[in-house]
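Colleague: Quick one, what's the 3D model for this:
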Amino acid sequence: MQSEPARQEMRRKIKDAVSRQDAAAVVRCGRDLLGASDKPADVMFCASAFAGMADAMKQQLGTKRLKAYVVRSVTVEPILPFLNTEAVLSNYFLDVHVGGYGSYIDEMMNPQSALATFEPDVVFVLLDMEEIAGRLPELCSDGIGAGVEEEIEQCLARMAQLLKSFRAGCSARIIFQGLVVPDQTSLGDVGDGNLPHSLTNAVATLNQELAALCRTLSDCVFFDVDRLAARYGRAGWRDTRMFLASRLPLSSGSFHAYSRGLLRALLALFRAPRKVLCTDLDNTLWGGVLGEDGPDGIATGSAFPGNCYFEYQKYLKRLSSRGILLAVVSKNNEADVREAFQLRAADLALNLDNFVAYKISWNEKSDSIRELAQELSLGLDSFVFVDDNPVECEAVRRQLPEVAVLEVPVQEPWKLVGMLSEQPFFDSAVVTDDDVNRLNEYKAQAQRAELADSAGNRDEFLASLGIVCTFQSALQAPLSRAVQLLAKTNQFNLTTRRRSAAEVEEFASAAGGQAVVIRVRDRFGDAGVVGLALARHLGDSCYIDSLLLSCRVIGRGIETALLAHLGEQALRAGAKRLVGEFIATKKNAPCATFYPDHGFTVKASFEEAQPGSVFYELDLTVLAPSSPKWITLEGNKSNELSASAVFSS
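Modeller: A predicted model of the protein is given here:
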């Protein structure tokens with residue numbers, strides 16, 4: 001806790017930054033103040049300061065502004081400053097509108113409601129047990145639980161009707177809050193733990209079913225507030241007096257934890273997870289310094305404190321199993337590191353094969369991370385760096401601000417896994433087969449690079465890969481993978497529109513619409529679904545809304561194959577022209593000349609043009625794009641969004 005003079009000095013700096021409209025300074029000083037003080041007054045102060053900086057934050061920091069609507073049956077107003085400040089610290093600005101108390105049915109099902117006219121980007125559905133399952137406490141109280149299962153089914157049916165009706169009329173993303181298991185029940189601790197129809201078991205079952213319901217809806221995330229309450233401590237999660245007096249569902253002490261948890265759920269809907277964790281070795285992956293202690297002297301394995309590091313290794317391995325890439329960034333001698341992994345293999349949960357790459361040298365770590373980003377064709381904002389050295393951590397923060405940095409608590413290594421799991425770096429509501437296969441695909445990419453070095457020329461190399469492309473409807477990709485690509489693809493993305501699942505479904509179902517993905521495999525493996533295009537037909541033209549490709553497969557002609565497929569489908573639908581749009585960003589320079597390179601010419605004017613948009617058109621009756629000769633195309637004849645036949649170009 002900062003002293004009062006220091007606290008007031010931080011406030012003064014924030015006021016001064018606001019007067020200068022210096023967004024970076026406001027956020028930086030606000031972060032410092034909130035990190036040093038847990039006083040609600042300081043949260044309110046920062047929330048007020050941030051509120052007047054929305055436009056400056058968007059212009060100077062690229063802060064994303066979202067319209068958020070709160071559907072509720074409880075009091076939420078005192079919590080909003082905490083949520084808003086947490087959002088700003090994650091580079092989001094929330095314009096929040098709170099719905100009427102208990103009016104959630106009308107708001108979500110009436111097409112003329114305040115919710116509908118607000119046109120939100122995201123809706124928070126925050127209902128308590130009385131609204132979702134008000135009869136459960138009574139039905140569970142006798143310990144027999146007759147009617148509990150039927151009540152749960154009816155609760156689910158009501159919530160399904162509510163959510164599906166809302167989704168049919170609105171494409172806003174949804175965060176649906178679950179229930180908190182009561183801390184005190186009439187059956188007592190023993191009865192609650194042993195009777196099958198206890199309230200604890202009933203609420204846990206209902207939460208699981210509600211989460212399953214959310215998975216059936218596009219762009220809907222279940223917010224597991226009970227998990228958050230359990231971590232915080234259920235006894236202190238709710239202030240009974242305040243709940244009975246004002247329907248405030250939280251104690252003031254849990255506002256911070258609740259707001260962070262709610263924001264994590266929001267970020268999972270709007271921001272792609274990071275893809276790479278770069279870990280140091282000495283006093284991070286293992287205890288001690290390899291160069292001083294030798295392989296036998298480093299701490300790892302089953303005995304304390306080595307088991308602290310062993311737990312961290314196991315956690316990294318679990319991250320890797322769902323597609324998070326692991327890399328080593330260490331100042332060491334590579335031969336010594338290889339020897340350590342070999343001699344201490346029985347005491348290590350990881351081996352070098354678990355890492356997609358390693359930078360073991362005496363170079364600056366920021367340079368090593370830059371090299372990794374280039375080799376993996378990933379942006380720096382895909383990286384997390386974990387290190388014990390505060391100097392190294394600060395250097396990476398300053399030189400690579402896009403990289404998330406986590407400093408290891410050297411004196412308390414048992415806290416590292418907890419610190420890492422508390423961060424939203426790798427949060428994702430969906431894990432696809434393509435995610436799970438990511439490590440193998442990057443290793444296959446390295447094999448392709450070796451082959452490219454030995455090939456005589458580019459065409460010879462590409463022909464030797466045996467590339468096969470398969471076109472599918474984005475709804476079959478599955479849809480979650482299509483939305484994932486839209487959310488995280490930056491380098492080869494012509495418009496960088498972050499379309500939602502509902503919007504993709506609209507393109508797929510609309511007359512003359514196209515929502516197509518491309519799956520790629522070659523002699524080295526299956527890269528999975530790596531590209532997507534959305535298009536619509538207006539008159540005699542086909543307009544490409546989005547066209548994007550994973551950076552892993554750029555440069556093999558796959559982008560041309562995808563464009564050729566769009567052109568073929570457009571001709572089938574009677575279109576004579578293909579119209580493409582390019583919106584420049586800081587990251588999509590690799591595709592800036594894509595349309596001109598394929599024979600498109602600049603379209604002089606377009607009524608739907610936005611600032612920064614450049615439109616191009618191609619006369620399909622004169623020059624239709626064709627797929628490269630080294631690519632074999634596969635498709636399903638019965639699917640209008642797929643290639644009409646299996647053929648080789």
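
Colleague: so where do the helices sit in the stretch 101-250 of the chain?
Modeller: 104-109, 114-118, 129-133, 136-140, 148-169, 188-194, 199-215, 225-232, 234-237, 240-246 (DSSP state H, counting those that start in this stretch).

Colleague: With the stretch 301-450 of the chain instead?
Modeller: Along the stretch 301-450 of the chain, counting by DSSP H, counting those that start in this stretch, helices occupy 306-321, 334-343, 365-376, 390-399, 416-421, 433-436, 438-454.

Colleague: could you measure residue 6 against residue 12, distance?
Modeller: Computed as Cβ to Cβ, to the nearest Å, the residue 6 to residue 12 distance reads 11 Å. Bear in mind the C-beta positions are built from the backbone N, C-alpha and C, glycine included.

Colleague: about what we covered before: Serialize the helices of the stretch 301-450 of the chain to JSON lines and add fields for distance to residue 171, mean pLDDT and mean neighbour count.
Modeller: Formatted as JSON lines, these follow (distance: least, Cβ to Cβ, whole Å; pLDDT from 0 to 100; neighbours: other Cβ atoms under 10 Å):
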{"stretch": "helix 306-321", "distance to residue 171": "32", "mean pLDDT": "97", "mean neighbour count": "18"}
{"stretch": "helix 334-343", "distance to residue 171": "49", "mean pLDDT": "97", "mean neighbour count": "15"}
{"stretch": "helix 365-376", "distance to residue 171": "33", "mean pLDDT": "94", "mean neighbour count": "19"}
{"stretch": "helix 390-399", "distance to residue 171": "37", "mean pLDDT": "95", "mean neighbour count": "15"}
{"stretch": "helix 416-421", "distance to residue 171": "32", "mean pLDDT": "96", "mean neighbour count": "16"}
{"stretch": "helix 433-436", "distance to residue 171": "24", "mean pLDDT": "86", "mean neighbour count": "16"}
{"stretch": "helix 438-454", "distance to residue 171": "29", "mean pLDDT": "82", "mean neighbour count": "15"}
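
Colleague: Turn the ones you listed into JSON lines, including distance to residue 209.
Modeller: JSON lines is the format used below for those (distance: least, Cβ to Cβ, whole Å):
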{"stretch": "helix 306-321", "distance to residue 209": "26"}
{"stretch": "helix 334-343", "distance to residue 209": "45"}
{"stretch": "helix 365-376", "distance to residue 209": "40"}
{"stretch": "helix 390-399", "distance to residue 209": "43"}
{"stretch": "helix 416-421", "distance to residue 209": "26"}
{"stretch": "helix 433-436", "distance to residue 209": "25"}
{"stretch": "helix 438-454", "distance to residue 209": "31"}
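
Colleague: separation between residue 157 and residue 43?
Modeller: 39 Å.

Colleague: When the two are compared, which one has more neighbours?
Modeller: residue 43 (23 against 11; other Cβ atoms under 10 Å).

Colleague: Now name the helix or strand holding the more buried one.
Modeller: Using DSSP states H and E, residue 43 sits within helix 40-51.

Colleague: swap in residue 516?
Modeller: strand 514-522.

Colleague: Residue 561 now?
Modeller: Per DSSP H and E: helix 558-572 holds residue 561.

Colleague: centre of the chain versus that helix, how much separation?
Modeller: Computed by Cα atoms, centre = their mean, to the nearest Å, the chain-centroid distance of helix 558-572 equals 29 Å.

Colleague: tell me the average confidence for it?
Modeller: Taken as a whole, helix 558-572 has a mean pLDDT of 95.

Colleague: Dump stretch 487-503 to CSV, restricted to CA.
Modeller: The C-alpha coordinates for stretch 487-503 follow below in CSV (Å, rounded to 0.1, in the frame of the first residue of the first chain):
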residue,chain,number,x,y,z
ALA,A,487,-10.5,-13.0,-34.7
LYS,A,488,-6.8,-13.7,-34.9
THR,A,489,-5.6,-13.4,-38.5
ASN,A,490,-3.8,-10.1,-39.1
GLN,A,491,-1.0,-10.3,-41.7
PHE,A,492,-2.9,-11.7,-44.7
ASN,A,493,-6.3,-10.2,-44.0
LEU,A,494,-7.7,-7.8,-46.6
THR,A,495,-10.2,-6.0,-44.4
THR,A,496,-9.6,-7.3,-40.9
ARG,A,497,-13.3,-7.3,-40.1
ARG,A,498,-13.8,-9.3,-36.9
ARG,A,499,-17.1,-10.9,-37.9
SER,A,500,-19.1,-12.8,-35.3
ALA,A,501,-20.4,-16.4,-35.7
ALA,A,502,-23.9,-15.0,-36.3
GLU,A,503,-22.6,-12.8,-39.1
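
Colleague: residues of that stretch that come out buried?
Modeller: 487-496, 498-503 (16 or more other Cβ atoms under 10 Å).

Colleague: Let me know the closest of those residues to residue 87.
Modeller: residue 498 (16.8 Å; Cβ to Cβ).

Colleague: if I look at the closest one, how far off is residue 546?
Modeller: 9 Å.

Colleague: quick one: common contacting residues for those two?
Modeller: Here residue 498 and residue 546 share the contacting residues residue 486, scored by Cβ atoms under 8 Å, 6 or more residues apart in numbering.

Colleague: Which pLDDT value belongs to residue 647?
Modeller: 25.

Colleague: Ok, residue 586 next?
Modeller: Reported pLDDT for residue 586: 88.

Colleague: Could you check how many residues crowd around residue 203?
Modeller: Neighbours of residue 203 (other Cβ under 10 Å): 24.

Colleague: Now it: closest residue in space, sequence neighbours ignored.
Modeller: Spatial nearest neighbour of residue 203, chain neighbours left out: residue 181 (4.8 Å); criterion: Cβ to Cβ, 6 or more residues apart in numbering.

Colleague: Just list the residues touching the one you found, thanks.
Modeller: 199-200, 203-204, 226, 229-230, 234.

Colleague: switch to 6 Å and redo it
Modeller: 200, 203, 226 (Cβ atoms under 6 Å, 6 or more residues apart in numbering).

Colleague: Distance check, it against residue 252.
Modeller: From residue 181 to residue 252 the distance is 21 Å (Cβ to Cβ).

Colleague: which residues sit in contact with residue 298?
Modeller: 286, 288, 290.

Colleague: and it, how far is that from residue 238?
Modeller: 46 Å.

Colleague: Please apply the same query to residue 12.
Modeller: 36 Å.

Colleague: These two: who's more crowded?
Modeller: residue 238 (18 against 11).

Colleague: Name the nearest residue to residue 377, ignoring sequence neighbours.
Modeller: residue 551 (4.0 Å).

Colleague: Would you confirm that that neighbour contacts residue 489?
Modeller: No: if you go by Cβ atoms under 6 Å, residue 551 and residue 489 don't touch, sitting 7.6 Å apart.

Colleague: quick one on the thing from earlier: which members of the buried residues of stretch 487-503 are the farthest-apart pair?
Modeller: Going by Cβ to Cβ, the pair spanning these furthest: 491 and 502, at 25.8 Å.
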